[in-house]
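In: Mind folding the following:
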Amino acid sequence: MKILLTGANGYIGLRLLPSLLEKGHEVICCVRDKNRIPLDPETRKRVSFYEVDFLKEVDTTDFPKDIDAAYYLIHSMSASTNDFDELEAKAAKNFNKYLAETSIKHVIYLSGIVNEDTLSKHLSSRKKVEEILYDGNYNLTVLRAGIVVGSGSSSFEIIRDLCEKLPIMVAPKWLKTKIQPIAIRDVIPFCQRCY
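Out: Model prediction:
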């Protein structure tokens, strides 16, 4: 299968990539800057790169057309704390524009758990992206996950740092929110079972 991997240099993308290659898939990594993806030379030889910024105007001239499936792992929270939701919506709309001219059959989107009436700005944004992706010309599988826990993940590092540096802490009210964490070693196989 020819698979497009967006967010290839993110926490999940970097862990999903070797697994996809191991299963014999042809992988095209969508990245803003291919020099910033930390891959060893042998892995680089097995991957195609397409430099694209999904926040910018769509130019499908060189975009690969013969794609079977794609992973949508784009999140903009680190780019801006004020308008990340607008950026995430724009990226999803541009993603659909890019894929409109391809032979794509299936997209897998890793979202957040959105099972409450009142959502945080972060989860509302994930839900909005999901709605935008449903407008695409492909079948969509949405995997909803809570905090992804594993060495190197932002959530894991923050929790570990708090535990190591603050033996006692007055917790803010929002810490009463119940969560359902999932280990990275479980996320990767779930992502691969979707196509």
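
In: Ranking helices and strands of the chain by mean pLDDT, which lands last?
Out: The weakest-scoring helix or strand in the chain, judged by mean pLDDT, DSSP states H and E, is helix 154-165 (a mean of 83).

In: Can you give me the buried ones in that helix?
Out: residue 156 (16 or more other CB atoms under 10 Å). The C-beta positions use only the backbone N, C-alpha and C, and glycine is treated the same way.

In: Please save the CA atoms from that helix in CSV.
Out: Extracted C-alpha coordinates of helix 154-165, given in CSV (Å, rounded to 0.1, in the frame of the first residue of the first chain):
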residue,chain,number,x,y,z
SER,A,154,4.7,15.7,26.1
SER,A,155,2.1,14.4,28.5
PHE,A,156,4.5,11.8,30.0
GLU,A,157,7.4,14.3,30.3
ILE,A,158,5.2,16.9,32.1
ILE,A,159,3.8,14.4,34.5
ARG,A,160,7.2,12.9,35.2
ASP,A,161,8.7,16.4,35.8
LEU,A,162,5.9,17.4,38.1
CYS,A,163,6.3,14.2,40.2
GLU,A,164,10.1,14.6,40.4
LYS,A,165,10.2,18.3,41.2
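
In: Find the centremost residue of this structure, please.
Out: Nearest to the geometric centre of the chain sits residue 73, at 1.4 Å (CA atoms, centre = their mean).

In: just to revisit the earlier point, run the chain-centre distance for the helix or strand that comes right after the least confident helix or strand of the chain.
Out: Using DSSP states H and E, the helix or strand that follows helix 154-165 in sequence is strand 182-183. When C-alpha coordinates are averaged (CA atoms, centre = their mean, to the nearest Å), strand 182-183 and its chain have centres 15 Å apart.

In: pLDDT on strand 182-183, on average?
Out: Strand 182-183 shows a mean pLDDT of 90.

In: Pull up the gap between residue 47 and residue 3, please.
Out: 10 Å (CB to CB, to the nearest Å).

In: more neighbours, those two?
Out: Neighbour comparison, residue 47 and residue 3: the larger count goes to residue 3, with 22 against 19 (by other CB atoms under 10 Å).

In: ok so, going back, pretty sure the residue nearest to the centre of the chain sits against residue 4.
Out: No. Assessed by CB atoms under 8 Å, residue 73 is found out of contact with residue 4, at 10.7 Å.
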